[in-house]
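# Quick one: sequence and predicted model below, then my questions.
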Amino acid sequence: MSTVKRPRIAAVVTEFRRYSHAQHILDRFLFGYSWDGRHHVPDIELVSLYTDQRPDGELSRDRAKLFPQMKIYPTIAEALCRGGRQLDVDGVLLIGEHGNYPTNPKGQRLYPRYEFFQQIVEVFRKSGRSVPVFNDKHLSWNWDWAKEMVETARELDFPLLAGSSLPVTRRVPQIDMPLGAKVEEAICVAVGGVDGYDIHALEAMQSMVERRHGGETGVEWIEAATGVDAVVKALKAGSFEQGGWDPALFRACLCRSHRLVPTRKGFNHTLPTNRQIEDLMRDPENRNRPVLYRYQHSDGLRMNMLLIEGVVHDFTFAARLTDHPKPLSVQMFLCPREVCNFFNPLTHATEELFHDRRAPYPIERTLLTTGLTAAGVESLYRKGARLKTPHLDIHYRPTRRSTFWSK
C-alpha cells in the first residue's frame with residue numbers, strides 16, 4: 001500500500017450551483033471524470049470549501065453530505081486552516097466565476113478574485129509557508145491587481161496556474177502550432193460577449209502563438225470595435241493594414257466551425273458571403289453584439305479576435321505562417337453545456353499543479369491575456385481608440401510539450 005500522502009486542497013468559490021464553474025471543477029475532484037479511455041478519480045482530497053454566495057439550488061450542502069471529508073467553513077481563512085490557526089491544506093482552488101456581483105460602466109463583472117487571493121496569501125504569510133494556487137479564467141478585471149497577484153506568487157515562491165479551458169480542450173484536428181514557427185498573422189472567430197468570452201478567445205490564440213519563433217515578446221497596441229457596422233467595415237477591408245484581417249484566415253476559421261449558422265434552413269454546408277454574414281449579425285435574436293479586437297505584438301505579429309455570435313457558436317483559430325501557402329487552422333472543440341467535458345483537461349492540469357508543485361504552463365500567458373482583456377474593454381469604452389500597451393511588455397517561453405487534451 002502506498003504511503004505517499006494525498007494532497008489535500010481547499011476550494012474558495014463565488015457560488016456552487018448547477019453549471020457554475022465551481023460545479024464543473026469541484027465535482028470532477030469529488031466524483032472523477034473520463035480521461036484516457038477510463039474513469040479517473042483524482043488522487044487528491046477536497047477537504048474544505050468556502051462559498052461566498054448561496055443562491056437557490058446551490059450544491060455545497062448536498063456535496064458535503066455525499067463527501068463528509070469536505071467541510072464547509074464561513075471564511076476563507078478558516079477553510080485554508082480547516083478551523084485551526086495555521087495553513088492546513090496542500091493547495092487552493094480559487095473559482096471566482098458566476099454569482100451576483102456588480103458590473104462597472106465598462107461592462108466588466110467585478111468578480112472578487114483579487115480580494116479572495118489577498119485573503120488566501122494573508123494566510124500564507126501568517127503561516128510562514130505557501131501552497132500552489134489555481135485561479136479560474138483571467139486573474140482579475142483590474143490589470144494592476146492581476147500583475148500584483150503574479151508578483152505576490154513570485155515573492156512567496158508558490159506556483160500559480162490560471163486561465164481558460166480553451167487552451168487545453170480537444171482540438172479538431174489534433175494539432176499544435178509547430179514550435180519555432182514564424183507566424184505573421186492570426187485570427188480567432190468565436191461566440192459570446194465582452195469580459196466573459198473574449199478571455200476564452202484570447203487564451204485560445206495565445207496558447208497557439210506563444211509557440212512561435214522567439215517565444216512571446218509582448219503586445220504594443222490594441223484597438224477594439226463593436227456593432228455590426230464596425231465589424232462589417234473590417235470584414236470588407238481586406239487586410240490587417242486596412243483595418244481588417246486576412247480574408248483567407250477568416251474563411252479557414254469558418255470552414256473549421258462545426259456550428260456555423262446556416263444562411264438558409266437545411267443548408268449547413270455552405271460558406272456565407274459577406275452580405276449573408278452581415279444579415280446573420282443583424283439578427284435581432286442575437287444576445288451579444290459583434291466585437292472585434294485587433295492588436296499587434298512587439299515582434300510584428302498581427303492578431304484579430306472576432307466575437308460574432310450570430311454567425312458561429314464555437315471557437316476556431318487560423319494563422320498565416322511564413323513560407324506556408326495554406327493557413328494553419330483548428331477548432332478548439334467544446335461539447336454541449338450539459339456535458340462540458342472541456343473541464344476534464346483543465347481539472348487534469350490543476351491536478352498536475354498540486355501533485356508536482358509546478359504549473360504545467362506559464363502564468364505569464366494568462367497575465368498577458370488578462371491585460372489584453374482589460375485593454376480591449378478599455379478601448380471599447382473609449383469608442384475604439386487605439387491604445388498603446390507598454391505594460392504588456394511580457395516576455396516568456398512556452399512549454400515544449402503540447403498541453404491540450406489529446407488522450
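Everything's here; your move. Numbers count the residues shown, from 1 in each chain.
# could you measure residue 46 against residue 207, distance?
27 Å (Cβ to Cβ, to the nearest Å). Every C-beta, even on glycine, is put in place using the N, C-alpha and C of the backbone.
# contacting residues around the nearest residue in space to residue 83 that is not next to it in sequence?
In space, and not counting its chain neighbours, residue 83 is closest to residue 73: 6.9 Å by Cβ to Cβ, 6 or more residues apart in numbering. Residue 73 is in contact with 48, 49, 50, 79, 82, 83, counting by Cβ atoms under 8 Å, 6 or more residues apart in numbering.
# In TSV, list those residues along with distance to residue 237 and pLDDT.
Listed next are the contacts of residue 73 as TSV, based on distance: Cβ to Cβ, whole Å; pLDDT from 0 to 100:
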residue	distance to residue 237	pLDDT
48	53	99
49	50	99
50	49	98
79	52	99
82	58	98
83	60	93
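# Buried among the residues you listed? Make that a ChimeraX selection.
Burial among these is assessed by 16 or more other Cβ atoms under 10 Å; the matching ChimeraX selection reads:
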select :48,49,50,79,82
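# Let me know the closest of the contacts of residue 73 to residue 114.
residue 50 (15.8 Å; Cβ to Cβ).
# right, and the helix or strand after the longest helix along the chain?
In terms of residue count, the longest helix belonging to the chain (DSSP state H) is helix 363-381. Moving toward the C-terminus from helix 363-381, the next helix or strand (DSSP states H and E) is strand 387-388.
# residue contacts, the residue nearest to residue 212 when sequence neighbours are not counted?
Leaving aside its sequence neighbours, residue 212 sits nearest to residue 183 (Cβ to Cβ, 6+ apart; 4.4 Å). Residues near residue 183 by Cβ under 8 Å, 6+ apart: 177, 209, 212, 213, 301, 319, 320, 321, 322.
# quick one: the fourth one from residue 396, how far?
As judged by Cβ to Cβ, residue 213 and residue 396 stand 14 Å apart.
# Likewise for residue 208?
Relative to residue 396, residue 208 is positioned 15 Å away (Cβ to Cβ).
# Which residue of these two possesses the greater neighbour count?
Comparing residue 208 with residue 396 by other Cβ atoms under 10 Å, the one with more neighbours is residue 208, at 26 against 15.
# The more buried one looks like it's in a strand, true?
No. Residue state for residue 208 (DSSP: H, G, I helix; E, B strand; the rest coil) corresponds to helix; a strand is not indicated.
# Residue 231: which element?
helix 228-237.
# Dump the C-alpha coordinates for that helix into CSV.
Below are the C-alpha coordinates for helix 228-237, written out as CSV (Å, rounded to 0.1, in the frame of the first residue of the first chain):
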residue,chain,number,x,y,z
VAL,A,228,-22.5,45.3,-36.9
ASP,A,229,-21.4,48.4,-39.0
ALA,A,230,-17.9,48.5,-37.5
VAL,A,231,-17.4,44.7,-37.9
VAL,A,232,-18.7,44.8,-41.5
LYS,A,233,-16.3,47.6,-42.3
ALA,A,234,-13.4,45.5,-41.0
LEU,A,235,-14.8,42.5,-42.9
LYS,A,236,-14.7,44.3,-46.2
ALA,A,237,-11.3,46.0,-45.5
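# what angle do the following helix or strand past it and helix 228-237 make?
Counting by DSSP H and E, the next helix or strand C-terminal to helix 228-237 is helix 247-256. In terms of direction (axes from the mean of the first three to the mean of the last three Cα atoms, to 10 degrees), helix 247-256 departs from helix 228-237 by 110 degrees.
# and the gap between residue 78 and residue 101?
Counting by Cβ to Cβ - residue 78 and residue 101 are separated by 22 Å.
# Please apply the same query to residue 220.
The value you get for residue 220 to residue 101, if Cβ to Cβ is used, is 32 Å.
# Please apply the same query to residue 280.
The value you get for residue 280 to residue 101, if Cβ to Cβ is used, is 32 Å.
# Looking at those two, which is more packed in?
The neighbour count for residue 280 versus residue 101, taken as other Cβ under 10 Å, is higher for residue 280 (21 against 15).
# what sits against the residue positioned nearest the centre of the chain?
Geometric centre of the chain, nearest residue: residue 164, 2.1 Å, by Cα atoms, centre = their mean. Neighbouring residues of residue 164 by Cβ under 8 Å, 6+ apart: 137, 199, 200, 203, 204, 346, 369.
# The stretch 151-300 of the chain: strands as residue ranges?
Using DSSP state E, counting those that start in this stretch, the strands of the stretch 151-300 of the chain run over 160-163, 171-172, 183-190, 219-226, 291-297.
# Which among those strands is found nearest to residue 353?
With Cβ to Cβ as the yardstick, what comes closest out of those is strand 160-163 (4.8 Å).
# And the closest one, what's buried?
In strand 160-163, counting by 16+ other Cβ under 10 Å, buried: 160, 161, 162, 163.
# okay, now the domains of this structure?
8-163, 171-334+374-392 (automatic domain parsing).
# CSV for these, including distance to residue 360?
Listed next are those as CSV, based on distance: least, Cβ to Cβ, whole Å:
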stretch, distance to residue 360
domain 8-163, 7
domain 171-334+374-392, 12
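# out of those domains, nearest to residue 350?
domain 8-163 (4.7 Å).
# from the chain's centre, how far out does that closest one sit?
16 Å (Cα atoms, centre = their mean, to the nearest Å).
# ok so, going back, the helix holding residue 231 - contacts with which helices or strands?
In terms of contacts (3 or more Cβ pairs under 8 Å, 6 or more residues apart in numbering; DSSP states H and E), helix 228-237 is packed against helix 274-281, strand 291-297.
# looking only at pLDDT, what's the mean for it?
For helix 228-237, mean pLDDT rounds to 97.
# Helices along this protein, start to end?
21-31, 60-66, 76-81, 113-127, 143-156, 198-209, 228-237, 247-256, 274-281, 343-356, 363-381.
# Go through those helices and pick out the most buried.
Stretch with highest mean neighbour count among the helices of the chain: helix 198-209 (a mean of 26; mean count of other Cβ atoms under 10 Å).
# With that, I have no additional questions.
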